[in-house]
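Trainee: What follows is a predicted protein model with its sequence.
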Amino acid sequence: MAATDDGDERVMAAAQKIVKSLGTSKNVTDDMILILSSFDNRLSTITDLLTTNDGGSGLSQTEERFVVAEKIILRWDSNTYTPQRHSLPWEDSPEEATEYLSAVDEILDLIEDMSLSEDGEISERSKSVLHLAMSRLEDEFCLILTRNTTPLDVERLYGSIRRVSVSFASNDGEIEDFESFVEDEQESFSEERGGIFGDDQCGDLIDPDAVSDLKEIADRMIRSGYANECCQVYRSVRRDVLDECLSILGVEKLSIEEAQKIEWRSLDEKMKKWIQAVKIVIRVLLTGEKRLFDQVFGRSELISEDCFTETAKGCVIQLLNFGDAVVIGRRSPEKLFRILDMYDALAAVFPDLQSLFSNDLGDYVCSEAQGILDGLGEAAKGTFAEFETAVQSETSRKPIQGGEIHPLTRYVMNYVRLLVDYSDTLNLLLASKEDSSDSLESNDDDILRLGSISPLARRLLLLISSLESNLEEKSRLYEDGAMQYVFLMNNILYIVQKVKDSELGKILGDQWVRKRRGQIRQYATSYLRASWSKVLSCLKDEGIGGGGSSSNVSKVALKERFKNFNLAFEEIYRNQTAWKVPDPQLREELRISISEKVLPAYRSFLGRFGSHLESGRHAGKYIKYTQEDLENYLLDLFEGSPGVLHHPRRKISG
């Protein structure tokens, strides 16, 4: 231990001697101090010699403080340092980084105290070394921002997005059936509109441990008058980060012209991604970005909020540009739900946007967002109007095989059911445009009954009324009058079921439903009359002769009557087994109604006159069917598959 102390004393004595001998040459002294202090850390106390031995160095205490700080800065900014090297003081040498920042603080303190202004040479050197230090800190600031950025974890933010495609209309004007889509899509819409990421999700895209280092550097740069340079680096790096986030979220940089040329299925996917991106960017990413900005710059009066605005506005404008393309794009019914989703998404985050961009420069961003929001609202109203017009003017002339439910009916009712999910938004948008004098007749019983109703309910009543009128026109495409009524029964019942099974029932009410069920009963009565009157007329006594007396009955007339009955029944069977009544309850009710009219009449007719033919030759040629046969055959009606009668030649006993 004693030997070590003696060695230290000899080293220090040598150092004192060297310093004294070099005192007459300031530059040489400075260089030697740097060399020796880096050679052995025991010589770091040489600075103490400078501060306690004025006579040895020839420097004032202020100058000596500057020289020491200058040496530290020059040491770190020697030729061996490059910003691209792997090892960084702030990551691998925190103690040395602290020493560097302390040296910067020392120079700043001396400058602010005006202690260096007395010596012109020292003053110039201080500016030079400070500029060198700021350049170094700027590089470090950029590297820390860049190397400590964490990637956006999309799955963590909102999980897997269900990909659902839908096509609403075919090219030749026939509206496609998308009923199966609705069952899945309603759940999908509910998930998307309800939000799929929590408010507590972290939007910070930088390692928290790096924030304190960034703040330390920013504080020195701001204090040194390099706030603009610091902000410029911050804006440059963070803009790139936010642009990369938009790319990860699937938001592409598209011009309005490019967006308008995209085919619908692709555009639909982009609209869904946009809806999610708006929520994530405003509520998560930019909120986290604002938090980072405040942490780094500490709400410094020398750092304007414009720095954050300039950093963040680019990604917001990119989002809004896509919204603008949708606003001015071609309007078609299939776009309405996505436009409403876009409107709701932007409206939901608009207060957050205003909070983030609260300065004068941010007013531009908020103004642009408000313009897009208003535009989406107008686009939604215009698209809804296009849908109404499409329903009214749908003039396909091809009758639906079997009298089934028309694709227009499925399309409109499933479309309307989805619209009800947007009641609040649509009532808000449609309220400003509502004009009952233009759109409703005073004698409309449904409107008068409901009295004061919401704008959406009023428009839906009109829409369904237009659909019913259109269906009346389409029913006339069938030459068979009975089939017209089957077609109307099928379609009106479908409308009623869709109303009862959804929120539409609350809007239209029970009386509206009862009125349509009454229509269905009337159509059923009209069907029986149109379809079975001819059959039943064959089972009347008129024209047979004899009032039922066996002696006066005309067998010729009787044979003709049975023959006509068989032909009429077989024609109905052949035709109406091919007709389709999808609803099992309606199908059963129709069969029962037919049975109640036909079977008793046939049984009675057969009972009165059957014996007149049974004893004759070829009786089975005329009396083909028993009552049980007819009852079984009636069960084949309305199945949508043409039936073939198989009746055995009956052996009639004499």
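Mentor: Now that the structure is in, tell me what you want to look at.
Trainee: Apart from its chain neighbours, what residue comes closest to residue 561?
Mentor: Residue nearest to residue 561 in three dimensions, not counting chain neighbours: residue 538, with 5.4 Å by Cβ to Cβ, 6 or more residues apart in numbering. Every C-beta, even on glycine, is put in place using the N, C-alpha and C of the backbone.
Trainee: Now for that neighbour, how many residues are close by?
Mentor: Neighbouring residues of residue 538 were enumerated by other Cβ atoms under 10 Å; the total is 20.
Trainee: Could you identify the helix or strand that succeeds the helix or strand hosting residue 609?
Mentor: Secondary structure assigned from DSSP states H and E places residue 609 in helix 584-614. Once the chain leaves helix 584-614, the next helix or strand it forms, by DSSP H and E, is helix 619-622.
Trainee: returning to what we had before: and the helix holding residue 609, what's buried?
Mentor: The neighbour-count criterion (16 or more other Cβ atoms under 10 Å) identifies 586-587, 589-591, 593-594, 597-598, 601-602, 605-606, 609-610, 612-614 as the buried residues of helix 584-614.
Trainee: before we move on, back to that, give me every residue that touches the residue nearest to residue 561.
Mentor: With contacts taken as Cβ atoms under 8 Å, 6 or more residues apart in numbering, residue 538 has the following neighbours: 561-562, 564-565, 568.
Trainee: cool, and residue 242?
Mentor: Contact criterion Cβ under 8 Å, 6+ apart gives 281, 285-286, 289, 311-312, 314-315 as the residues in contact with residue 242.
Trainee: returning to that earlier point: next, format the contacts of residue 538 as a markdown table and append secondary structure.
Mentor: Listed next are the contacts of residue 538 as a markdown table, based on DSSP: H, G, I helix; E, B strand; the rest coil:
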| residue | secondary structure |
| --- | --- |
| 561 | helix |
| 562 | helix |
| 564 | helix |
| 565 | helix |
| 568 | helix |
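Trainee: can you pick the most crowded of the residues you listed?
Mentor: Using other Cβ under 10 Å as the neighbour definition, these reach their maximum at residue 565, which records 25 neighbours.
Trainee: Give the residue spans of the stretch 351-500 of the chain that score low on pLDDT.
Mentor: Along the stretch 351-500 of the chain, segments meeting pLDDT under 70 span 432-452.
Trainee: what about the helices in it?
Mentor: For the stretch 351-500 of the chain, the helices defined by DSSP state H, counting those that start in this stretch occupy 360-393, 407-420, 423-431, 436-439, 445-450, 455-475, 481-500.
Trainee: by how many degrees do the second one and helix 423-431 diverge?
Mentor: Looking back up the chat, that one is helix 407-420. With axes from the mean of the first three to the mean of the last three Cα atoms, to 10 degrees applied, the angle from helix 407-420 to helix 423-431 works out at 100 degrees.
Trainee: Would you confirm that residue 477 contacts residue 401?
Mentor: No - applying Cβ atoms under 8 Å, one finds residue 477 not in contact with residue 401, separated by 11.6 Å.
Trainee: what about those two, which has more around it?
Mentor: Remark: of residue 477 and residue 401, residue 477 carries more neighbours, 14 against 10, as counted by other Cβ under 10 Å.
Trainee: list the contacts for residue 517?
Mentor: With contacts defined as Cβ under 8 Å, 6+ apart, the neighbours of residue 517 are residue 496.
Trainee: Which helix or strand contains it?
Mentor: helix 504-537.
Trainee: can you pull the buried residues of that helix?
Mentor: Applying a neighbour-count criterion of 16+ other Cβ under 10 Å, the buried positions in helix 504-537 are 504-505, 507-509, 512-513, 516, 519-520, 523-524, 526-528, 530-532, 535-536.
Trainee: And for stretch 620-640?
Mentor: Residues of stretch 620-640 classed as buried under the neighbour-count rule (16+ other Cβ under 10 Å) are 621-625, 629-630, 633-634, 636-639.
Trainee: In helices, which of those appear?
Mentor: Taking DSSP state H as the definition of helices, the buried residues of stretch 620-640 contribute 621-622, 629-630, 633-634.
Trainee: re earlier: what's the angle between the helix holding residue 609 and helix 504-537?
Mentor: Orientation of helix 584-614 against helix 504-537 (the same axes, to 10 degrees) gives an angle of 10 degrees.
Trainee: Next, the angle helix 481-500 makes with helix 584-614.
Mentor: Using the same axes, to 10 degrees, one finds that helix 584-614 and helix 481-500 are set 150 degrees apart in direction.
Trainee: for helix 584-614, packing partners?
Mentor: helix 481-500, helix 504-537, helix 555-576, helix 627-634 (3 or more Cβ pairs under 8 Å, 6 or more residues apart in numbering; DSSP states H and E).
Trainee: now with 10 Å?
Mentor: Helix 584-614 makes packing contacts with helix 481-500, helix 504-537, helix 555-576, helix 619-622, helix 627-634 when contacts are defined by 3 or more Cβ pairs under 10 Å, 6 or more residues apart in numbering; DSSP states H and E.
Trainee: where among those helices is the average confidence lowest?
Mentor: Within these, the stretch with the lowest mean pLDDT is helix 619-622, showing a mean of 76.
Trainee: How far away from the center of its chain is that one?
Mentor: Its chain's C-alpha centre lies 70 Å from the corresponding centre of helix 619-622 when counted by Cα atoms, centre = their mean, to the nearest Å.
Trainee: hmm, back to that, closest to residue 473 out of the contacts of residue 242?
Mentor: Proximity to residue 473 was ranked across the contacts of residue 242 by Cβ to Cβ; first place goes to residue 281, at 48.8 Å.
Trainee: what residues are up against the closest one?
Mentor: Listed by Cβ atoms under 10 Å, 6 or more residues apart in numbering, the contact set of residue 281 reads 203, 242, 245-246, 249, 251, 274, 287, 289, 312, 315-316, 318-319, 349, 353.
Trainee: Residue 496: which of those is nearest?
Mentor: Checking the contacts of residue 281 against residue 496 by Cβ to Cβ gives residue 274 as the nearest, at 37.3 Å.
Trainee: Was I right to think that closest one contacts residue 345?
Mentor: Yes - taking Cβ atoms under 10 Å as the contact criterion, residue 274 and residue 345 are neighbours in contact, 8.0 Å apart.
Trainee: With respect to pLDDT, which of the contacts of residue 281 ranks lowest?
Mentor: Per-residue confidence over these reaches its minimum at residue 203, where pLDDT is 54.
Trainee: which SS class is the nearest residue to residue 577 once chain neighbours are set aside?
Mentor: Closest residue in space to residue 577, ignoring its immediate chain neighbours: residue 643 at 3.5 Å, by Cβ to Cβ, 6+ apart. Judged by three-state DSSP, the three-state class of residue 643 is coil.
Trainee: give me phi/psi at residue 643?
Mentor: The phi and psi values for residue 643, taken as degrees, to the nearest 10, are phi -100, psi 160.
Trainee: and the gap between it and residue 576?
Mentor: 9 Å (Cβ to Cβ, to the nearest Å).
Trainee: quick one, domains of the protein?
Mentor: The chain breaks down into these domains under automatic domain parsing: 2-147, 201-374, 401-532, 538-634.
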